[in-house]
Every structure is written in structure tokens, then in C-alpha cells.
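# can you look at this prediction? I've put the sequence above it.
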Amino acid sequence: MICLVPLYCFGYIFFDKNISPINDAAKIHTYYFSVNGSDKNDGSVEHPFKTIAYLNGIRLVPGDSVFFKSGEIFNGNLLLTGSGTKERPVVITSYGDANAVISGGNGTAIDLSDLSYVNIKNITCKGSGRKDGNTKPGISISNCSNVSIENTDISGFQKSGLQIYSCNNITIDKVYAHDNGAAGIGVEGDFKSKLTTRNIFITNCTAENNPGDPSNLTNHSGNGIVTGHCTNVIIDHCMATNNGWDMPRIGNGPVGIWCYEADSVIIQHCLSYRNKTSAGAADGGGFDFDGGVTNSIIQYCLSYENQGSGYCMFQYWGASPWYNNVIRYNISENDGLVSDSRAGAYVWNSSKDEKQFHGCDFYNNTIYNSKQAALSFSVTSERKDFRFFNNIFIAKDSLIKGKKGNDVFLANDWWSLEKKFNADGMNDFANWITSSNIEQVNGNIKGLNLLPPFKSADNATITNVSQLNDFYNYKISGYSPVTQSGIDLQALFNINTGDKDFNGQLIDRKFIGACTHP
């Protein structure tokens with residue numbers, strides 16, 4: 001069947017998920033492997049083969065299945081040959097109650113190149129360690145189509161745990177990528193195009209403790225999940241934590257979940273917390289739309305206690321234009337405490353050209369920072385058509401770092417925990433609005449200067465995406481003008497705001513912040 005995944009106002013993404021094994025025993029080969037077997041056996045469950053080297057000599061045909069015995073460790077580098085078809089995919093999996101382990105040593109555990117209709121599931125891949133001899137990714141998929149990776153555990157590789165290059169129609173589900181170097185999951189395409197890698201679906205994945213690539217001294221490493229040079233990507237119900245702490249350089253750094261040079265990306269229902277960067281380096285944030293991102297959305301996500309900002313809007317020199325992106329219904333708590341932003345949300349443009357960086361709607365987010373600022377603009381942040389609607393911005397002292405420029409601010413709630421209000425060196429909210437010519441409609445003030453009665457602010461502790469829907473800390477408990485002082489973006493600006501808030505509740509179009517009132 002063809003699965004249509006909604007891309008909200010950007011159309012639909014098509015994923016081919018018809019990869020069920022065919023049960024016609026007369027037309028398929030089933031190969032069993034056990035470390036107690038022999039390569040002279042017939043490969044049946046009673047008389048299994050033994051080594052990966054033997055499997056590398058078998059050219060698989062459509063409908064073939066390979067079963068590794070659960071709990072056993074198979075040393076070697078699987079170089080898969082042979083594609084399946086839509087009706088008869090090739091399947092690589094385990095048999096028994098647990099994952100079998102493919103120990104790749106200093107190389108790649110599983111390598112797929114120029115193949116199609118392959119399903120890898122219920123496998124653990126281990127390398128010798130990012131600083132102990134391994135120099136490769138854990139699972140490498142290049143120039144492939146219609147591949148599914150499910151329920152895999154990948155660790156100990158110097159590059160990405162799972163690396164995808166120049167592929168289309170790829171489904172990644174329940175991958176746990178940890179203790180790798182460059183990234184937990186890395187998706188890339190030809191650097192000249194966003195189209196060679198397309199239709200990538202990443203769901204229910206965790207990228208944890210991927211500290212950095214010790215051999216990369218010229219660019220970022222230690223990312224959680226990163227996608228670049230690609231089109232039509234969904235990252236859904238994924239988590240990134242404790243990544244990036246051992247990047248071996250000072251400069252641009254890693255982020256928990258992010259994309260660059262990408263079109264039509266949705267990052268949603270994700271959790272990114274306590275990600276890091278190397279001492280003195282930049283970034284280390286939660287989520288990021290970086291250089292060249294277009295027509296994309298971050299929504300329903302939680303970011304907290306990342307060393308960099310929770311939500312980053314970046315454009316680097318040399319990237320293609322960045323435009324038409326949306327960040328909505330997200331929460332940031334105490335992000336940006338270490339690296340250069342010192343704020344929950346951060347805008348930066350090293351191209352120094354507003355024509356390269358334009359068109360962002362940032363609405364119905366809750367940015368809470370009891371340690372630093374809520375919103376930061378770099379010295380190099382030239383931009384146009386950035387609009388901030390119906391957000392809650394709460395900071396320790398000064399609410400904004402840098403210059404807010406000509407951005408549109410309307411129906412936002414601003415609160416300084418130490419001074420009630422402090423922005424642009426001003427402590428009088430009404431005077432700030434008048435002098436800045438913001439937060440007004442036809443001369444009527446629409447902005448607020450109130451501390452909302454949150455249920456349990458400044459207290460994020462969740463560590464699993466399954467807890468996101470029940471994360472009610474930033475719901476308004478009791479009556480507050482915040483619940484009805486927003487603006488209807490559909491009516492005023494024809495913005496399709498969707499119909500649900502951070503917690504999945506139907507929205508009231510005039511609420512402020514990420515969570516509608518009870």
C-alpha cells in the first residue's frame with residue numbers, strides 16, 4: 001500500500017510501506033545463521049550456516065529472508081547483495097527472543113549500496129568504538145530505495161550510527177543509536193541538490209550519547225539526528241539527549257535534532273534535552289532549521305537544558321536561501337545556558353544578507369528561561385518577514401538579547417522574572433511598545449506583560465517521548481488573560497494554524513503559548 005503522510009500546508013509525502021514478507025515457501029529462500037552452525041550446512045533452522053563471510057557470497061533474490069540466531073554475536077561486515085521487489089522484499093532479521101548482534105569491529109556492520117526493497121529489523125550492530133579503532137558508520141545505506149530499518153540498536157562507530165546517503169523512500173523506526181561519533185542518525189544527499197535524498201520517514205528513534213567524531217577537526221560532529229540535502233522528511237516521536245560533549249574542536253557545533261539544505265521537513269512530537277557542545281564552541285541546541293531550509297515545520301516539541309538554544313533559526317554563508325518556515329506549539333525550558341546565544345530561541349545569519357534569510361512564522365510557543373534571556377538575535381542576523389505571534393516569552397532578567405529589527409511582534413506575553421519587564425534597556429512595557437511600534441493593532445495594544453499561572457513551570461524532567469502528551473507543566477491553571485488575548489491568525493493573516501496544541505488538544509484560536517487552557 002501507499003501511505004500518505006500529511007505535510008499540512010505543504011502537500012503530502014509518499015512512503016511505500018508494503019514490505020511484508022511473502023509466505024510462499026516454494027518461491028523464497030530462507031537462510032538461518034548461528035555461531036554454532038557450519039558454512040557446510042544447508043542453512044536450515046536445524047542446520048544453520050555460521051559466518052557473515054559466507055552470507056556475503058550469497059546473492060539474495062526477491063523474497064529471500066536471512067535469520068541470525070538471537071543473543072549470538074556474529075563478527076564481520078555484512079555487504080548485502082541482491083534486491084527485493086515491492087511484493088517480495090529481502091528481509092534481514094533475528095530469530096528467537098532477542099536481537100542477534102553483528103559486531104563490525106573497525107568497519108561498517110551492515111552496508112547496503114544500490115539496492116531496493118530491503119527490510120532490516122531486530123538486529124544489534126556494534127563497533128569497536130569511536131576512539132578505539134572504528135572509522136566507519138554502523139549501518140550505511142547509499143543509493144538505495146524502499147529500505148526499512150526497524151528495531152535496531154547501533155553503537156560504537158566513529159561516524160554516524162545509521163548513515164543514509166542519496167536514497168529515497170526510506171523508513172527508519174525504533175532505532176536506538178548511541179555512543180557513536182558523528183551522529184546517532186545522519187541523512188545526507190548530493191551537496192548540489194535537495195532531491196537525491198527524498199521521502200525519509202524517521203519515527204520512534206533515540207539518539208543518545210553520541211559525543212563527537214575525534215577525526216573531524218573542520219566541522220561539527222556529535223549530533224543526535226541530522227538531515228541535509230534532502231526533500232520530504234518527517235522526524236516524528238524521536239528523542240536526542242547528551243550528544244556533542246566531545247566534539248574535538250572549537251567552532252560550529254552539533255544540535256540534538258536538526259536539518260540544513262532541506263525542503264519540506266516536519267519535526268514533530270520530539271524531545272531534545274541536555275545536548276552539549278565542546279568547551280568554547282557554538283551550538284549544542286535542541287532543534288535547528290539551519291542554512292538553506294525551506295517550507296518546513298517544527299511543532300509539538302519540547303526542548304530543555306540544552307547548552308545551546310532550544311529553537312534555532314540559522315543561515316550560514318554559502319547556503320541556498322532560507323525561507324517559508326514555521327515554528328509552532330513548542331516549549332523551551334532553560335535552554336542556551338552555555339554557548340553563544342544565552343537564550344531559549346536564537347536567530348543568526350552569517351550571510352549578512354536579508355534576501356538569503358526571510359519568511360519565518362514563530363507562533364504559539366512557550367519560551368521559559370529562568371537563567372538567561374528568552375529570545376536572542378546575533379549581531380549578524382539580517383532578515384526580513386520574521387513574525388512572532390501568540391508566544392509566551394519569560395526570562396530571568398532581560399527578555400531579548402540583540403536587536404529585534406523590523407520583525408513583527410503581535411499578541412505575545414512578555415515577563416521578566418526579576419524585573420517584571422526588561423527589554424531593549426527599558427522597564428516600562430507600554431513605553432517599549434510605543435517606542436518600538438510593535439504589539440499593536442490600529443493603535444490598540446495586543447501584547448501582554450503578565451506572569452501566567454503555569455501548572456508547574458521550571459520543572460521539566462521527562463526523558464521519554466511517550467510522556468510528551470501528558471507534559472502539562474505549561475498549561476495555564478486557572479483564569480488568566482493569556483487564555484483569550486491572542487489573535488486569530490487564520491482570520492487576520494490566512495495562516496493555517498492546524499487544530500491542535502502541544503498536548504494534542506483542540507485549540508482555541510485566541511490562546512497564547514503552546515498549551516491551550518483546560
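Okay, I see it. What you are looking at is a predicted structure, and each value in this text was computed from that prediction instead of being measured.
# okay, CA-based contacts and neighbour counts for the rest of this
Will do.
# next SSE downstream of the host helix or strand of Ile170?
Using DSSP states H and E, Ile170 maps to strand 168-178. Once strand 168-178 ends, the next helix or strand along the chain (criterion: DSSP H and E) is strand 183-188.
# got the angle for the strand holding Ile170 vs strand 183-188?
160 degrees (axes from the mean of the first three to the mean of the last three CA atoms, to 10 degrees).
# could you pull up the mean pLDDT of the helix or strand hosting Tyr323?
Using DSSP H and E, Tyr323 sits within strand 322-328. The average pLDDT within strand 322-328 is 98.
# next: stretch 392-411.
96.
# ok, now stretch 423-439?
95.
# which stretches of the stretch 1-150 of the chain have low pLDDT?
1-27 (pLDDT under 70).
# so where do the strands sit in it?
Secondary structure of the stretch 1-150 of the chain by DSSP state E, counting those that start in this stretch: the strands cover 2-6, 12-16, 30-33, 65-69, 73-75, 78-79, 90-95, 100-105, 110-113, 116-127, 139-142, 145-155.
# now render the ones you listed as a markdown table, adding mean neighbour count and distance to Ala491.
Output for those, formatted as a markdown table (neighbours: other CA atoms under 10 Å; distance: least, CA to CA, whole Å):
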| stretch | mean neighbour count | distance to Ala491 |
| --- | --- | --- |
| strand 2-6 | 12 | 23 |
| strand 12-16 | 18 | 24 |
| strand 30-33 | 23 | 59 |
| strand 65-69 | 23 | 55 |
| strand 73-75 | 19 | 60 |
| strand 78-79 | 20 | 56 |
| strand 90-95 | 23 | 51 |
| strand 100-105 | 24 | 56 |
| strand 110-113 | 20 | 50 |
| strand 116-127 | 25 | 46 |
| strand 139-142 | 23 | 46 |
| strand 145-155 | 24 | 41 |
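# kindly reformat those as CSV containing distance to His517.
Output for these, formatted as CSV (distance: least, CA to CA, whole Å):
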stretch, distance to His517
strand 2-6, 26
strand 12-16, 31
strand 30-33, 56
strand 65-69, 51
strand 73-75, 52
strand 78-79, 53
strand 90-95, 47
strand 100-105, 48
strand 110-113, 49
strand 116-127, 42
strand 139-142, 45
strand 145-155, 37
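# which stretch among those comes nearest Asn306?
strand 145-155 (22.6 Å; CA to CA).
# Tyr31 and His47 touch, don't they?
No: using CA atoms under 8 Å, Tyr31 makes no contact with His47, being 9.9 Å away.
# just the C-alpha atoms of the strand holding Tyr323, please, in CSV.
Provided in CSV are the C-alpha atoms of strand 322-328 (Å, rounded to 0.1, in the frame of the first residue of the first chain):
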residue,chain,number,x,y,z
TRP,A,322,16.3,30.1,3.8
TYR,A,323,12.6,30.8,3.7
ASN,A,324,9.0,29.9,4.4
ASN,A,325,9.5,28.1,7.7
VAL,A,326,7.2,27.7,10.7
ILE,A,327,8.0,27.0,14.4
ARG,A,328,4.8,26.5,16.4
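# now Tyr54, nearest residue through space, not along the chain?
Among residues not flanking Tyr54 along the chain, Asp39 sits closest, at 6.6 Å (CA to CA, 6 or more residues apart in numbering).
# wait, the one you found touches Lys50, no?
Yes: counting by CA under 8 Å, Asp39 does reach Lys50; the two are 5.3 Å apart.
# so for those two, which residue has more residues nearby?
Lys50 (21 against 17; other CA atoms under 10 Å).
# check contacts around the more buried one.
Phe33, Ser34, Val35, Asn36, Gly37, Ser38, Asp39 (CA atoms under 8 Å, 6 or more residues apart in numbering).
# are any of those buried, and which?
With neighbours counted by 16 or more other CA atoms under 10 Å, the contacts of Lys50 contain buried members at Phe33, Ser34, Val35, Gly37, Ser38, Asp39.
# surely Asn146 touches Asn169?
Yes: with contacts counted by CA under 8 Å, Asn146 reaches Asn169, the gap being 4.7 Å.
# can you give me the helices for the stretch 301-450 of the chain?
429-436 (DSSP state H, counting those that start in this stretch).
# and the strands in the stretch 401-518 of the chain?
Under DSSP E, counting those that start in this stretch, the stretch 401-518 of the chain gives strands at 408-410, 413-416, 440-441, 444-445.
# relative to Gly133, which of these is closest?
So among the strands of the stretch 401-518 of the chain, strand 413-416 is nearest, using CA to CA, at 50.3 Å.
# the closest one packs against which elements?
strand 392-395 (3 or more CA pairs under 8 Å, 6 or more residues apart in numbering; DSSP states H and E).
# helices or strands up against the strand it packs on?
Counting contacts by 3+ CA pairs under 8 Å, 6+ apart, strand 392-395 packs against strand 366-369, strand 373-377, strand 413-416.
# now tabulate these in CSV and tack on distance to Tyr176 and mean neighbour count.
Output for these, formatted as CSV (distance: least, CA to CA, whole Å; neighbours: other CA atoms under 10 Å):
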stretch, distance to Tyr176, mean neighbour count
strand 366-369, 29, 29
strand 373-377, 32, 28
strand 413-416, 38, 25
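# of the ones you listed, which is nearest Ile476?
strand 366-369 (11.4 Å).
# ok, that closest one: who's next to it in the sheet?
strand 331-333 (parallel), strand 392-395 (parallel) (DSSP bridges).
# returning to what we had before: closest to Thr227 out of the strands of the stretch 1-150 of the chain?
So among those, strand 139-142 is nearest, using CA to CA, at 13.9 Å.
# the residue nearest to Met426 when sequence neighbours are not counted: how many residues sit nearby?
In this structure, Met426 finds its nearest non-sequential neighbour in Trp432, 6.4 Å apart by CA to CA, 6+ apart. For Trp432, the neighbour count with other CA under 10 Å is 18.
# and if you look at Glu418?
Glu418: 12 neighbours (other CA under 10 Å).
# and if you look at Gly57?
11.
# cool, Lys510 as well?
Per other CA under 10 Å, the neighbour tally for Lys510 reads 18.
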